[in-house]
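>>> sequence unavailable; structure follows:
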């Protein structure tokens, strides 16, 4: 959360760019991708003392239109020996709910390492990354105001998941769904890695959107690539 104030000016610049762009009229009506990601600790309160990375994540569609969940993915960032992080399950299920919280369907989520990332970077001594991991979704429509909620475990073969407590993305003790800028939503486009700006309402961008794991900067896009 420390990165938010530091990069508030950059986020304001993105909003100004949106207003001046050719897509502003459609965007101002609340159409297009309008996703928000929130996380909380589930039954594992801390990845620095546990053998698994096991947050609960909730993605909400703030567009005025139904949107396909598979157009985005969640990206997380770890500092672990290469090849050590593995999914606990081949896939897990995602629960889809409407704006009232009623269950409308299910999807699947699978986790895999983002292999095109090379090297190690750090924005702080306790926020390092040498391997992003992506959570991909099967196709399912999320209604306006609806959400997709899931837990998909990663582990390092039974050892403490983050023994140095220096992963960029952590599970920290907080049982309430909240923003965490160290998790990112990305547009799921072949050959591209574009971070998606988040929204808290159809016309209100989220100032606590995910940041760049190597710079801490807000570098997201309001539109699909």
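Thanks, I have the structure now. The model shown is predicted, which means the values in this text are computed figures rather than measured ones.

>>> what's the neighbour count on residue 203?
By other Cβ atoms under 10 Å, 13 other residues sit near residue 203. In this view, the C-beta of every residue, glycine as well, is placed from N, C-alpha and C.

>>> isn't it up against residue 30?
Yes - contact criterion Cβ atoms under 8 Å: residue 203 and residue 30 qualify, at 5.8 Å.

>>> buried set for stretch 139-159?
140-148, 150-156 (16 or more other Cβ atoms under 10 Å).

>>> among these, which ones are in strands?
Here DSSP state E is the test, and the buried residues of stretch 139-159 give 141, 142, 147, 148, 150, 151, 154, 155 as lying in strands.

>>> quick one: low-confidence ranges for this structure?
Low-confidence segments of the chain, defined by pLDDT under 70: 1-28.

>>> make it 80
1-28, 115-118, 190-192 (pLDDT under 80).

>>> helices of that one, start to end?
Here the chain has its helices, by DSSP state H, at 3-6, 8-20, 24-28.

>>> how far off strand 147-151 does the longest strand seen in the chain point, in degrees?
Criterion DSSP E: the longest strand present in the chain is strand 103-113. Angle of strand 103-113 versus strand 147-151, following axes from the mean of the first three to the mean of the last three Cα atoms, to 10 degrees, is 50 degrees.

>>> check what contacts strand 103-113 and list those residues.
69-70, 85, 87, 90-98, 131-141, 143, 146, 148, 150, 152, 154 (Cβ atoms under 8 Å, 6 or more residues apart in numbering).

>>> residue 155 contacts residue 47, doesn't it?
No - the criterion here is Cβ under 8 Å, and residue 155 misses it with residue 47 at 10.0 Å.

>>> for the closest residue to residue 144 other than its chain neighbours, which residues are in contact?
Distances taken as Cβ to Cβ, 6 or more residues apart in numbering put residue 64 closest to residue 144, at 5.5 Å, once the chain neighbours are dropped. Residues near residue 64 by Cβ under 8 Å, 6+ apart: 29, 30, 31, 34, 144, 202.

>>> and with 10 Å instead?
By Cβ atoms under 10 Å, 6 or more residues apart in numbering, the contact list for residue 64 reads 29, 30, 31, 32, 34, 144, 145, 202, 203.

>>> related to what we said a few turns ago, got any residues that touch both of residue 155 and residue 47?
Joint contacts of residue 155 and residue 47 (Cβ under 10 Å, 6+ apart) are 53, 54, 161.

>>> show me which of those is closest to residue 196.
Taking Cβ to Cβ as the measure, residue 196 sits nearest to residue 53 out of the shared contacts of residue 155 and residue 47, at 21.6 Å.

>>> who's in contact with that closest one?
So residue 53 contacts 44, 47, 76, 78, 80, 85, 88, 111, 133, 152-156, 161-162, 167, 169-171 (Cβ under 10 Å, 6+ apart).

>>> ok so, going back, buried subset of the contacts of strand 103-113, written for ChimeraX?
Here is the ChimeraX command that selects the buried residues among these (16+ other Cβ under 10 Å):
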select :69,85,87,92,94,96,97,131,132,133,134,135,136,137,140,141,143,146,148,150,152,154
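
>>> returning to what we had before: just checking: what are the partner strands of the longest strand of the chain?
strand 92-97 (antiparallel), strand 131-137 (antiparallel) (DSSP bridges).
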